[in-house]
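Participant: dropping the sequence and predicted coords here.
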Amino acid sequence: MENPLLLSPQLNAASKVKSLYKIMKSMNKEGGKPETKSRTQEKSNRLSLLQKPELHPNVDFDKFEKLTKASSVSPKTVKKWGESFDMLISQKAGLDAFTRFLRSEFSEENIEFWMACEDYKKSKDTSQLPQKAKTIYEMFIQKEAPNEVNLDFNTKVCTSQCMSHPTLNTFDAAQTKIYALMEQDCYPRFLKSNLYIDLVHGRPHGCSALRRRSRSFTFNEFKDAQPDFAIWL
């Protein structure tokens with residue numbers, strides 16, 4: 001004899017719905033059957049995807065956390081940074097934001113060299129100039145320096161010749177070149193960056209770089225659902 005469920009599609013569907021309802025009802029009862037270790041781990045993994053934001057693949061998490069620290073600077077002040085590059089780096093908060101932006105682009109050697117030159121020109125003890133100049137030259141200017149900046153050949157030669165008798169103006173030409181490079185190249189990108197835009201709108205630094213994973217229907221959500229099965233019948 002043929003199975004009557006196959007002869008009656010409506011009855012077959014209703015039976016399946018009722019069976020599903022019984023399963024869901026039993027899952028909602030307290031003291032249910034303990035879950036296996038593998039299923040518990042699977043649920044934990046799925047929940048972690050909902051709770052943790054997914055970062056852009058090229059963003060290092062530790063550096064990103066530094067970029068997302070809240071700032072006390074007001075949006076009004078931040079907007080003034082867009083008036084000129086000098087306005088930006090003349091303020092400590094602006095210099096700090098620009099430095100963090102360059103670090104996110106792995107080009108922080110430019111601003112570090114500029115700041116080293118600023119510190120060098122403020123030296124009061126001229127006897128320390130040779131050692132300070134040597135440190136800056138070896139760190140930023142000489143060939144294959146650890147943080148070598150992008151200088152043209154003539155500027156490098158001129159700076160190198162000044163190293164025999166360094167003065168407070170030894171790095172002026174090189175510093176001017178790097179300042180122009182940052183002003184014309186890095187500064188416009190900074191003003192278009194998520195970091196600057198977030199600051200203008202008073203949001204935490206770099207929050208636009210977050211790209212959250214879309215929510216999916218998880219086991220827990222399915223278990224807690226209480227659908228009206230009557231609409232299926």
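Facilitator: Received, thanks.
Participant: any idea how many residues pack against L191?
Facilitator: Applying other CB atoms under 10 Å, we find 15 other residues in the vicinity of L191. C-beta: built from backbone N, CA, C; applies to glycine.
Participant: quick one: it and F85 touch, right?
Facilitator: No - distance between L191 and F85: 9.6 Å, which falls outside the contact criterion (CB atoms under 8 Å).
Participant: where are the low-confidence patches of the protein?
Facilitator: Under the criterion pLDDT under 70, the flagged ranges of the chain are 1-71, 204-233.
Participant: please repeat the previous calculation with a cut-off of 90.
Facilitator: 1-73, 126, 202-233 (pLDDT under 90).
Participant: residue ranges for the helices of it, please.
Facilitator: Listed in chain order, the helices found in the chain under DSSP state H are 4-7, 9-28, 37-51, 61-67, 75-81, 85-89, 92-104, 109-121, 129-136, 153-162, 172-181, 187-192, 194-200, 219-224.
Participant: pull the residues that contact stretch 186-193.
Facilitator: Around stretch 186-193, the neighbours that count as contacts under CB atoms under 8 Å, 6 or more residues apart in numbering are W81, G82, F85, L88, F98, F101, L102, E105, S107, N110, Y196.
Participant: give me that answer again for 7 Å
Facilitator: With CB atoms under 7 Å, 6 or more residues apart in numbering as the test, stretch 186-193 has contacts from G82, F85, L88, F98, F101, L102, S107, N110, Y196.
Participant: stretch 117-127 too?
Facilitator: L129, K132, I136, L168, F171, Q175.
Participant: return the set of buried residues in that stretch.
Facilitator: Of all the residues in stretch 117-127, those buried under the rule 16 or more other CB atoms under 10 Å are C117, Y120.
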